[in-house]
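**Q** structure for this input, please:
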Amino acid sequence: MDTLPAPAADIRDQQIADLRAALQRTVPLLAFAAGREEDTDPRQSELLSAAATT
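**A** Okay, here's the model as predicted:
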């Protein structure tokens with residue numbers, strides 16, 4: 001039995017959901033990296049913190 005391809009809107013919705021999930025996993029990593037850089041490179045820490053909070 002042949003199945004029809006998913007409509008473009010469904011594919012786009014899934015891609016958006018995947019992107020959101022990836023971003024949610026990335027925020028804690030950015031915050032952790034910012035904390036590690038705080039003593040040695042305050043500017044880099046600031047940039048990482050800003051990326052994690054926006």
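
**Q** so where does Thr26 fall, helix or strand?
**A** helix 8-37 (DSSP states H and E).

**Q** buried ones in that helix, by neighbour count?
**A** Leu30, Ala33, Ala34, Glu37 (16 or more other C-beta atoms under 10 Å). C-beta: built from backbone N, CA, C; applies to glycine.

**Q** so how far is Arg43 from the residue most central in space within the chain?
**A** The residue lying closest to the centre of the chain (C-alpha atoms, centre = their mean) is Leu23, at 1.7 Å. According to C-beta to C-beta, to the nearest Å, Leu23 and Arg43 sit 23 Å apart.

**Q** return the set of buried residues in stretch 41-54.
**A** Buried, per 16+ other C-beta under 10 Å, within stretch 41-54: Ser45, Leu48, Ser49, Ala52.

**Q** for Ile16, see how far away Gly8 is.
**A** Heads up, residue 8 is Ala, not Gly. Ala8 is 12 Å from Ile16, by C-beta to C-beta.

**Q** I should have written Ser45 there, sorry.
**A** For Ser45 relative to Ile16 (C-beta to C-beta), the value is 30 Å.

**Q** what of Leu30?
**A** 20 Å.

**Q** gap between Ala9 and Phe32?
**A** 36 Å.

**Q** my bad, should have said Ser45
**A** Distance from Ser45 to Phe32, by C-beta to C-beta: 11 Å.

**Q** again, but for Arg20
**A** Distance of Arg20 to Phe32, computed by C-beta to C-beta: 20 Å.

**Q** any regions of this structure where pLDDT drops low?
**A** Within the chain, the ranges that satisfy pLDDT under 70 run 1-2, 4-6.

**Q** let's go with 50 and repeat that
**A** By pLDDT under 50, the chain has no low-scoring segment.

**Q** how about the nearest residue to Glu37, chain neighbours excluded?
**A** Among residues not flanking Glu37 along the chain, Ser45 sits closest, at 4.1 Å (C-beta to C-beta, 6 or more residues apart in numbering).

**Q** helices or strands up against the host helix or strand of that neighbour?
**A** Per DSSP H and E, Ser45 falls inside helix 42-53. Helix 42-53 makes packing contacts with helix 8-37 when contacts are defined by 3 or more C-beta pairs under 8 Å, 6 or more residues apart in numbering; DSSP states H and E.
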